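Student: I'd like to go over a predicted model; first the sequence, then the structure.
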Amino acid sequence: MILVMTSDTHTCHRDLVIPPGDVFIHAGDFTHSGTMDELEDFNDWLGSLAFQHKLIVAGNHEFCLERQAQEARETLTCGTYLEDQGVTIDGVHFYGSPWQPKFMNWAFSLPRGQALKDKWNLIPEQVDVLITHTPPYGILDSVMGKPVGCEELRPVVEQLRPKVHVFGHIHNCAGQSQNETTSFVNASAFDKGYGIVHQPTVIEI
(Lines give C-alpha, C1' and ligand atoms only; values in the text may rest on other atoms or scores of the structure.)
Protein backbone atom coordinates (compact mmCIF):
# COMPACT_ATOMS: atom_id res chain seq x y z
CA MET A 1 0.00 0.00 0.00
CA ILE A 2 1.41 3.38 -1.04
CA LEU A 3 0.64 6.38 1.19
CA VAL A 4 0.85 9.91 -0.23
CA MET A 5 0.93 12.42 2.62
CA THR A 6 0.83 16.18 2.99
CA SER A 7 -0.19 18.80 5.54
CA ASP A 8 -0.35 22.57 6.06
CA THR A 9 -1.20 23.59 2.51
CA HIS A 10 -3.28 26.62 3.60
CA THR A 11 -5.44 26.91 0.43
CA CYS A 12 -2.42 26.36 -1.88
CA HIS A 13 -3.15 22.67 -2.48
CA ARG A 14 -3.30 23.22 -6.25
CA ASP A 15 0.41 24.09 -6.18
CA LEU A 16 1.24 20.52 -5.17
CA VAL A 17 2.35 17.83 -7.57
CA ILE A 18 0.51 14.74 -6.38
CA PRO A 19 2.18 11.42 -7.19
CA PRO A 20 0.11 8.25 -7.65
CA GLY A 21 -0.68 6.04 -4.70
CA ASP A 22 -3.34 4.08 -2.87
CA VAL A 23 -4.22 6.35 0.05
CA PHE A 24 -3.99 10.15 0.12
CA ILE A 25 -3.61 11.71 3.57
CA HIS A 26 -3.90 15.37 4.56
CA ALA A 27 -2.89 16.01 8.17
CA GLY A 28 -4.66 19.35 8.59
CA ASP A 29 -4.47 23.08 7.90
CA PHE A 30 -5.81 22.90 4.38
CA THR A 31 -7.59 26.24 4.95
CA HIS A 32 -6.08 29.58 5.89
CA SER A 33 -8.95 31.44 7.55
CA GLY A 34 -11.06 28.36 8.25
CA THR A 35 -14.05 29.47 6.19
CA MET A 36 -16.67 27.35 4.50
CA ASP A 37 -15.64 28.79 1.13
CA GLU A 38 -12.10 27.54 1.66
CA LEU A 39 -13.43 24.15 2.72
CA GLU A 40 -15.57 23.94 -0.42
CA ASP A 41 -12.56 24.74 -2.59
CA PHE A 42 -10.48 22.09 -0.84
CA ASN A 43 -13.25 19.54 -1.29
CA ASP A 44 -13.48 20.33 -5.03
CA TRP A 45 -9.72 19.75 -5.33
CA LEU A 46 -9.96 16.48 -3.40
CA GLY A 47 -12.56 15.34 -5.89
CA SER A 48 -10.05 15.80 -8.70
CA LEU A 49 -7.50 13.43 -7.15
CA ALA A 50 -7.37 9.90 -8.55
CA PHE A 51 -7.20 8.07 -5.22
CA GLN A 52 -9.70 5.49 -4.09
CA HIS A 53 -9.14 6.55 -0.48
CA LYS A 54 -8.55 10.08 0.84
CA LEU A 55 -8.20 10.60 4.59
CA ILE A 56 -8.39 14.04 6.20
CA VAL A 57 -7.90 15.46 9.68
CA ALA A 58 -8.45 19.07 10.67
CA GLY A 59 -5.78 21.43 11.91
CA ASN A 60 -5.76 24.55 14.02
CA HIS A 61 -6.91 26.70 11.07
CA GLU A 62 -10.08 24.67 10.43
CA PHE A 63 -12.52 26.79 12.45
CA CYS A 64 -15.38 25.69 10.19
CA LEU A 65 -15.01 22.05 11.23
CA GLU A 66 -14.92 23.05 14.90
CA ARG A 67 -17.68 25.69 14.95
CA GLN A 68 -19.92 24.57 12.06
CA ALA A 69 -19.27 20.89 12.45
CA GLN A 70 -22.38 19.43 10.84
CA GLU A 71 -22.39 21.77 7.84
CA ALA A 72 -18.66 21.36 7.33
CA ARG A 73 -18.79 17.58 7.51
CA GLU A 74 -21.62 17.56 4.98
CA THR A 75 -19.49 19.76 2.70
CA LEU A 76 -16.41 17.54 2.89
CA THR A 77 -17.79 14.84 0.60
CA CYS A 78 -14.71 13.89 -1.42
CA GLY A 79 -12.67 12.45 1.43
CA THR A 80 -13.09 10.61 4.72
CA TYR A 81 -12.86 13.08 7.59
CA LEU A 82 -11.43 11.58 10.79
CA GLU A 83 -12.02 13.33 14.10
CA ASP A 84 -11.08 10.89 16.85
CA GLN A 85 -12.08 8.12 14.48
CA GLY A 86 -10.54 5.19 12.67
CA VAL A 87 -11.01 3.41 9.40
CA THR A 88 -9.61 0.14 8.05
CA ILE A 89 -8.52 -0.09 4.41
CA ASP A 90 -7.39 -3.44 3.00
CA GLY A 91 -6.52 -4.63 6.50
CA VAL A 92 -4.51 -1.51 7.40
CA HIS A 93 -5.83 0.37 10.44
CA PHE A 94 -5.83 4.19 10.24
CA TYR A 95 -6.78 6.62 13.01
CA GLY A 96 -7.03 10.40 12.83
CA SER A 97 -7.32 13.23 15.36
CA PRO A 98 -7.04 17.03 15.00
CA TRP A 99 -6.08 18.18 18.51
CA GLN A 100 -2.94 20.06 19.52
CA PRO A 101 -1.62 21.88 22.60
CA LYS A 102 -3.38 25.19 23.10
CA PHE A 103 -1.79 28.23 21.51
CA MET A 104 -3.78 31.45 21.53
CA ASN A 105 -7.33 30.79 20.28
CA TRP A 106 -6.82 28.46 17.34
CA ALA A 107 -9.24 25.65 16.47
CA PHE A 108 -9.00 22.18 18.01
CA SER A 109 -6.66 23.38 20.76
CA LEU A 110 -6.67 21.95 24.28
CA PRO A 111 -4.61 22.72 27.38
CA ARG A 112 -1.54 20.58 27.88
CA GLY A 113 -2.15 17.81 30.35
CA GLN A 114 -5.21 15.71 31.05
CA ALA A 115 -7.47 17.19 28.36
CA LEU A 116 -5.08 16.12 25.61
CA LYS A 117 -4.28 12.84 27.34
CA ASP A 118 -7.99 11.98 27.29
CA LYS A 119 -8.05 12.49 23.51
CA TRP A 120 -5.00 10.30 22.88
CA ASN A 121 -6.42 7.58 25.12
CA LEU A 122 -9.15 7.18 22.51
CA ILE A 123 -6.62 5.83 19.99
CA PRO A 124 -7.20 2.08 19.66
CA GLU A 125 -4.45 -0.40 20.43
CA GLN A 126 -4.48 -1.64 16.86
CA VAL A 127 -3.32 1.29 14.72
CA ASP A 128 -0.97 1.02 11.76
CA VAL A 129 -1.10 4.62 10.51
CA LEU A 130 -1.71 7.42 13.00
CA ILE A 131 -2.71 10.82 11.60
CA THR A 132 -2.58 13.83 13.93
CA HIS A 133 -2.07 17.52 13.32
CA THR A 134 0.36 17.99 16.18
CA PRO A 135 3.74 16.27 16.37
CA PRO A 136 4.60 14.26 19.45
CA TYR A 137 6.96 16.06 21.79
CA GLY A 138 10.56 16.01 20.65
CA ILE A 139 10.00 14.64 17.15
CA LEU A 140 10.18 17.05 14.19
CA ASP A 141 8.61 19.75 16.38
CA SER A 142 11.31 22.31 17.15
CA VAL A 143 10.69 26.06 17.11
CA MET A 144 13.84 28.11 17.70
CA GLY A 145 15.48 25.05 19.22
CA LYS A 146 12.63 24.29 21.60
CA PRO A 147 10.34 21.24 21.27
CA VAL A 148 6.68 22.33 21.10
CA GLY A 149 4.90 19.07 20.26
CA CYS A 150 2.50 17.28 22.57
CA GLU A 151 4.03 15.68 25.67
CA GLU A 152 0.93 13.56 26.22
CA LEU A 153 1.04 12.14 22.69
CA ARG A 154 4.65 10.94 22.75
CA PRO A 155 4.25 8.07 25.27
CA VAL A 156 1.03 6.90 23.61
CA VAL A 157 2.76 6.63 20.25
CA GLU A 158 5.70 4.83 21.84
CA GLN A 159 3.31 2.36 23.45
CA LEU A 160 1.11 1.74 20.38
CA ARG A 161 4.01 1.64 17.90
CA PRO A 162 2.20 2.46 14.65
CA LYS A 163 4.07 1.75 11.43
CA VAL A 164 3.62 5.39 10.38
CA HIS A 165 2.77 8.53 12.33
CA VAL A 166 2.07 11.49 10.05
CA PHE A 167 1.48 15.05 11.26
CA GLY A 168 2.29 18.66 10.38
CA HIS A 169 1.69 21.92 12.26
CA ILE A 170 5.36 22.88 12.73
CA HIS A 171 6.22 24.10 9.25
CA ASN A 172 9.96 24.46 9.65
CA CYS A 173 10.42 20.85 10.76
CA ALA A 174 9.07 19.12 7.65
CA GLY A 175 10.85 15.83 7.07
CA GLN A 176 11.11 12.28 8.32
CA SER A 177 12.45 10.48 11.36
CA GLN A 178 12.55 6.80 12.29
CA ASN A 179 12.82 4.69 15.40
CA GLU A 180 12.75 0.90 15.74
CA THR A 181 9.03 0.62 15.02
CA THR A 182 7.65 3.85 13.55
CA SER A 183 8.30 6.14 10.60
CA PHE A 184 7.50 9.71 11.67
CA VAL A 185 6.55 12.17 8.92
CA ASN A 186 6.12 15.90 9.37
CA ALA A 187 4.34 16.41 6.05
CA SER A 188 4.06 20.22 6.17
CA ALA A 189 4.04 21.63 2.66
CA PHE A 190 4.55 25.22 3.81
CA ASP A 191 7.71 26.66 5.29
CA LYS A 192 7.80 29.12 8.16
CA GLY A 193 7.34 31.97 5.69
CA TYR A 194 4.03 30.57 4.39
CA GLY A 195 4.74 29.25 0.94
CA ILE A 196 4.69 25.78 -0.62
CA VAL A 197 8.21 24.38 -0.50
CA HIS A 198 7.66 20.67 0.22
CA GLN A 199 5.88 18.22 -2.04
CA PRO A 200 3.98 15.22 -0.61
CA THR A 201 5.84 12.43 1.16
CA VAL A 202 5.41 8.92 -0.19
CA ILE A 203 5.80 5.80 1.97
CA GLU A 204 5.00 2.21 1.09
CA ILE A 205 3.80 -0.05 3.89
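Tutor: Looks like it arrived, so ask away.

Student: so Thr11, which of the three states?
Tutor: coil (DSSP: H, G, I helix; E, B strand; the rest coil).

Student: neighbours around Thr35, how many?
Tutor: 16 (other C-beta atoms under 10 Å). Every residue, glycine included, has its C-beta placed from N, CA and C.

Student: now for it: which residues touch it?
Tutor: Phe63, Cys64 (C-beta atoms under 8 Å, 6 or more residues apart in numbering).

Student: show the pLDDT at it.
Tutor: Looking at Thr35, its pLDDT stands at 98.

Student: what's the spacing between it and Leu122?
Tutor: Between Thr35 and Leu122 the distance is 28 Å, computed by C-beta to C-beta, to the nearest Å.

Student: could you do Pro200 as well?
Tutor: Distance, Pro200 to Leu122, using C-beta to C-beta: 27 Å.

Student: centre of the chain versus the longest helix anywhere in the chain, how much separation?
Tutor: Assignment by DSSP state H gives helix 36-48 as the longest helix of the chain. Offset of helix 36-48 from its chain centre (C-alpha atoms, centre = their mean, to the nearest Å): 17 Å.

Student: the helices in the chain, which residues?
Tutor: Secondary structure of the chain (DSSP H): helices at 36-48, 63-67, 69-75, 114-120, 153-160.

Student: need the ones you listed in TSV with mean neighbour count and distance to Glu83, can you?
Tutor: Converted to TSV, the helices of the chain look like this (neighbours: other C-beta atoms under 10 Å; distance: least, C-beta to C-beta, whole Å):
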stretch	mean neighbour count	distance to Glu83
helix 36-48	16	14
helix 63-67	20	7
helix 69-75	13	8
helix 114-120	17	10
helix 153-160	18	16
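
Student: tell me the pLDDT at the closest residue to Leu110 other than its chain neighbours?
Tutor: If the residues on either side of it in the chain are set aside, Leu110 comes closest to Leu116, at 5.0 Å by C-beta to C-beta, 6 or more residues apart in numbering. We have a pLDDT of 98 for Leu116.

Student: what's the answer for Gly193, then?
Tutor: pLDDT, read off for Gly193, is 69.

Student: again with Ile196
Tutor: 88.

Student: hang on, it packs against Asp15?
Tutor: Yes - with contact defined as C-beta atoms under 8 Å, Ile196 counts as touching Asp15 (4.5 Å).

Student: between these two, which contacts overlap?
Tutor: In contact with both Ile196 and Asp15: Thr9, using C-beta under 8 Å, 6+ apart.

Student: higher neighbour count, these two?
Tutor: A count of neighbours by other C-beta under 10 Å puts Ile196 above the other of Ile196 and Asp15, at 19 against 11.

Student: how near is the more buried one to Arg112?
Tutor: 30 Å.

Student: great, nothing more from me.
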